[in-house]
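Undergrad: Compute the structure for the input listed below.
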Amino acid sequence: RAGTGHISLQSRLSSGDRQARQKRVFLPRDQAHRVLQRARRANSFLEEMKQGNLERECREEACSYEEAREVFEDTEQTCRSPSASFADGDQCEGRPCLNQGRCKDGIGDYTCTCAEGFEGKNCEFSTRELCSLDNGGCDQFCREERSEVQCSCARGYMLGDDSKSCVSTEPFPCGKVTQGRSRRGVIHTHEDALSAGELEQYDPGVLGPTESSLHLLDLNRTESSARGDGDRLVRIVGGRDCAEGECPWQALLVNEENEGFCGGTILSEFYILTAAHCLHQAKRFTVRVGERNTSKEEGNEMAHEVEATVKHSRFVKETYDFDIAVLRLRTPIQFRRNVAPACLPEKDWAEATLLTQKTGIVSGFGRTHEKGRLSSTLKMLEVPYVDRNACKLSSSFSITPNMFCAGYDAQPEDACQGDSGGPHVTRFRDTYFVTGIVSWGEGCARKGKFGIYTKVSNFLKWIDKIMKTGAGAAGSRSPSEAPATRTVPPPLPL
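TA: Residues are numbered from 1 along each chain as shown. I've put the predicted structure just below:
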């Protein structure tokens, strides 16, 4: 058989030849070519006796591959020819080329010419580094505009020449640990961490401008000086001490008795982020930064008076919804070793990138276990983000859209009483961004229970407005205007 036609050997051989070749099955090549010939289709009388013609075979009408092969008498030339229109159907009919690719019909196949930014047989693969792929290559914020990646940076950074990296414009940029920056030659022990003083049950009262001076805490006091009513206080359970410069954004709210009662996050030289419910726990307070160990002086601690407070107007004391507040300091923070701000993210990027990370970091001076003693050192704990459905099912109280869960189901590690208002930060490419505020929980590190945090991404515009216009805007008030009543909510504040 050759091509589409075949001829019986017996019809072409004489009877004598048949007898001579009965014992020979295969013919020599030259004889086989004389016997086996390609069939030609005749459209008119004696047409197939003529030499193959491209105009006649493939332009006047659609031809088959065999007819085109008659013209070129070569398989490779036949397949390469742009002039022949083979009647094998339109391979582009189903529009196989994706993402605006152009399809070219072929013999039993098609070829896609892909638009810029796509590749693959059907142009199905994107060659662009969009935000869902490795954050678009951006160091920090990534957003998509017209199918293009646009990178940007937090305050204190500028885009590098590659339009992707973020280069610091300040000596102490936000979100960077300050370990290794002119550290003192000391040996670190488990006491070398930031800590709030022992917590107590606070009397209701009116917040007013603090009368305490900017002296250090009573660093000679011991654990035994703490008041015994510690069940209402929240501390880090488990975890480890924050090494020097590892939690530089930690702030500590200190009452008139020089005892820490809540934490906070340094946002800038004038602003501290904390929980709204913390503003009901002391008559007067200062904000301390650079503190790592309340039992000794390390030379890096500073206290700042509070000029004004801004508690979210929709804060609900009974449920701890909208549990967020911003403090404006009377004097600016001097950033240095152990003292630097955490970065505020962009909302969409935070929810798409930061809140989908595996873990965040929480820090504070809370109790080391439920009903346990207070920590004199700053503790930090890595806590995994918890699926929202699992979070809601785990709690006896309402988990609103302004909250999220983090922590362990069974592992004895959690934020605990005394850590309220403190930072929950998430690391992305060696930069730490504010993602939460320690808010409340049912006990500390109880099995099947998680820590509940204020979802900061819901309030970034609110925070930004306060920081841009000053604490006098956005409904702020001086500490003396804070409410004089206090309500203990069903969930235990952290």
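Undergrad: Check the burial of His304 by counting its neighbours.
TA: Other residues near His304 come to 21 when the count uses other Cβ atoms under 10 Å. C-betas here are computed from N, CA, C, even on glycine.
Undergrad: from here on, count from 154
TA: Noted, 154 is the first residue going forward, which turns the last one into His457.
Undergrad: Can you spell out the domain ranges of this protein, please?
TA: Domain segmentation of the chain under automatic domain parsing yields 154-192, 194-240, 287-321, 376-646.
Undergrad: Tell me the buried residues in the shortest one?
TA: The reference is to domain 287-321. 288-296, 302, 304-310, 312, 317-319 (16 or more other Cβ atoms under 10 Å).
Undergrad: In strands, which of those fall?
TA: If you go by DSSP state E, these have Phe294, Cys295, Arg296, Val302, Cys304, Ser305, Tyr310, Leu312, Cys319 in strands.
Undergrad: and stretch 482-495, how far apart are its ends?
TA: Start-to-end span of stretch 482-495 (Cα to Cα, to the nearest Å) is 17 Å.
Undergrad: got the contact list for it?
TA: 323-329, 331, 334-336, 347, 397-398, 401-402, 418-425, 440, 442-443, 445, 453, 455, 457-460, 576, 578, 585-587 (Cβ atoms under 8 Å, 6 or more residues apart in numbering).
Undergrad: Could you do stretch 313-328 as well?
TA: For stretch 313-328, the surrounding residues in contact (Cβ under 8 Å, 6+ apart) are 289-293, 304, 306-312, 329, 331, 401-402, 488-489, 492-497, 578, 584-586.
Undergrad: all helices of the stretch 404-553 of the chain, in order?
TA: Ranges of helices in the stretch 404-553 of the chain, per DSSP state H, counting those that start in this stretch, are 500-502, 541-547.
Undergrad: Least reliable of the ones you listed by average pLDDT, please.
TA: Lowest mean pLDDT within the helices of the stretch 404-553 of the chain: helix 541-547, at a mean of 91.
Undergrad: Now do it: everything it contacts.
TA: Residues outside helix 541-547 that contact it (Cβ under 8 Å, 6+ apart): Val539, Ile552, Phe557, Cys558, Asp562, Gly601, Lys602, Phe603.
Undergrad: go with 7 Å
TA: Applying Cβ atoms under 7 Å, 6 or more residues apart in numbering, the contact partners of helix 541-547 are Ile552, Phe557, Cys558, Gly601, Lys602, Phe603.
Undergrad: how about it: buried residues?
TA: For helix 541-547, using 16+ other Cβ under 10 Å, the buried residues are Cys544, Ser547.
Undergrad: Relative to Gly247, how far out is Glu454?
TA: According to Cβ to Cβ, to the nearest Å, Glu454 stands 72 Å off from Gly247.
Undergrad: Comparing those two, which residue is more hemmed in?
TA: A direct count of neighbours by other Cβ under 10 Å for Glu454 and Gly247 places Glu454 higher, at 21 against 9.
Undergrad: tell me the pLDDT at that one?
TA: The model reports Glu454 with a pLDDT of 90.
Undergrad: Thr506 against Asp287, yeah?
TA: No. Look at Thr506 against Asp287 with Cβ atoms under 7 Å: they stay out of range, at 10.8 Å.
Undergrad: And what about Asn611, helix, strand or coil?
TA: At Asn611, secondary structure determined by DSSP: H, G, I helix; E, B strand; the rest coil is helix.
Undergrad: Not counting residues beside it along the chain, what's closest to it?
TA: Once flanking residues are discounted, Asn611 sits nearest to Asn555: 5.3 Å by Cβ to Cβ, 6 or more residues apart in numbering.
Undergrad: Same check on Ala428?
TA: Distances taken as Cβ to Cβ, 6+ apart place Gly574 nearest to Ala428, at 3.9 Å, with adjacent residues excluded.
Undergrad: Burial check on the one you found, number of neighbours?
TA: Quick note: Gly574 (other Cβ under 10 Å) scores 34 neighbours.
Undergrad: got a list of what it touches?
TA: Contacts of Gly574 (Cβ under 7 Å, 6+ apart): Leu406, Cys415, Gly416, Gly417, Thr427, Ala428, Cys431, Ile590, Val591.
Undergrad: Make sure the fifth one is actually in contact with Ala478.
TA: To tie it back to what came earlier, the one meant is Thr427. Yes. If you go by Cβ under 7 Å, Thr427 and Ala478 touch, sitting 5.3 Å apart.
Undergrad: picking up where we left off before, so can I have TSV of the helices of the stretch 404-553 of the chain showing distance to Arg393?
TA: Listed next are the helices of the stretch 404-553 of the chain as TSV, based on distance: least, Cβ to Cβ, whole Å:
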stretch	distance to Arg393
helix 500-502	29
helix 541-547	25
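Undergrad: Specify the stretch among those that is closest to Lys618.
TA: Judged by Cβ to Cβ, the one of the helices of the stretch 404-553 of the chain that comes nearest to Lys618 is helix 500-502, at 13.4 Å.
Undergrad: which secondary structure elements does the closest one contact?
TA: With contacts taken as 3 or more Cβ pairs under 7 Å, 6 or more residues apart in numbering; DSSP states H and E, helix 500-502 sits against strand 294-298.
Undergrad: Let's see that with 10 Å instead.
TA: When contacts are defined as 3 or more Cβ pairs under 10 Å, 6 or more residues apart in numbering; DSSP states H and E, helix 500-502 packs onto strand 294-298, helix 613-622.
Undergrad: Of those, which is nearest Asp501?
TA: strand 294-298 (6.7 Å).
Undergrad: got the angle for the closest one vs strand 301-305?
TA: 150 degrees (axes from the mean of the first three to the mean of the last three Cα atoms, to 10 degrees).
Undergrad: Give the partner strands of strand 294-298 in its sheet and their orientations.
TA: strand 301-305 (antiparallel) (DSSP bridges).
Undergrad: Now the common contact residues for Thr427 and Ala478.
TA: Listed contacts common to Thr427 and Ala478 are Cys415, Gly417, Thr462, Lys464, Gly574, Ile590, Thr607; contacts here mean Cβ atoms under 10 Å, 6 or more residues apart in numbering.
Undergrad: Identify those among the residues you listed that sit within strands.
TA: Within the shared contacts of Thr427 and Ala478, residues falling in strands by DSSP E are Cys415, Gly417, Thr462, Lys464, Ile590, Thr607.
Undergrad: any idea which of these is closest to Lys621?
TA: Nearest to Lys621 out of these is Thr462 (Cβ to Cβ; 17.5 Å).
Undergrad: and the closest one, how far is that from Glu499?
TA: With distances taken as Cβ to Cβ, Thr462 is found 26 Å from Glu499.
Undergrad: Between the two, tell me which one has more neighbours.
TA: When neighbours are counted by other Cβ under 10 Å, Thr462 comes out ahead of the other of Thr462 and Glu499, with 24 against 19.
Undergrad: Excluding residues flanking it in the chain, which one is nearest Glu277?
TA: Leaving aside its chain neighbours, Glu277 sits nearest to Leu251 (5.2 Å; criterion: Cβ to Cβ, 6+ apart).
Undergrad: got any ranges where the stretch 304-453 of the chain has weak pLDDT?
TA: Within the stretch 304-453 of the chain, the segments meeting pLDDT under 70 span 332-391.
Undergrad: Which stretches in it count as strands?
TA: Here the stretch 304-453 of the chain has its strands, by DSSP state E, counting those that start in this stretch, at 310-312, 319-321, 393-394, 403-408, 413-419, 424-427, 438-442.
Undergrad: okay, those in a markdown table with distance to Phe518 next?
TA: Listed next are those as a markdown table, based on distance: least, Cβ to Cβ, whole Å:
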| stretch | distance to Phe518 |
| --- | --- |
| strand 310-312 | 30 |
| strand 319-321 | 29 |
| strand 393-394 | 11 |
| strand 403-408 | 7 |
| strand 413-419 | 6 |
| strand 424-427 | 13 |
| strand 438-442 | 11 |
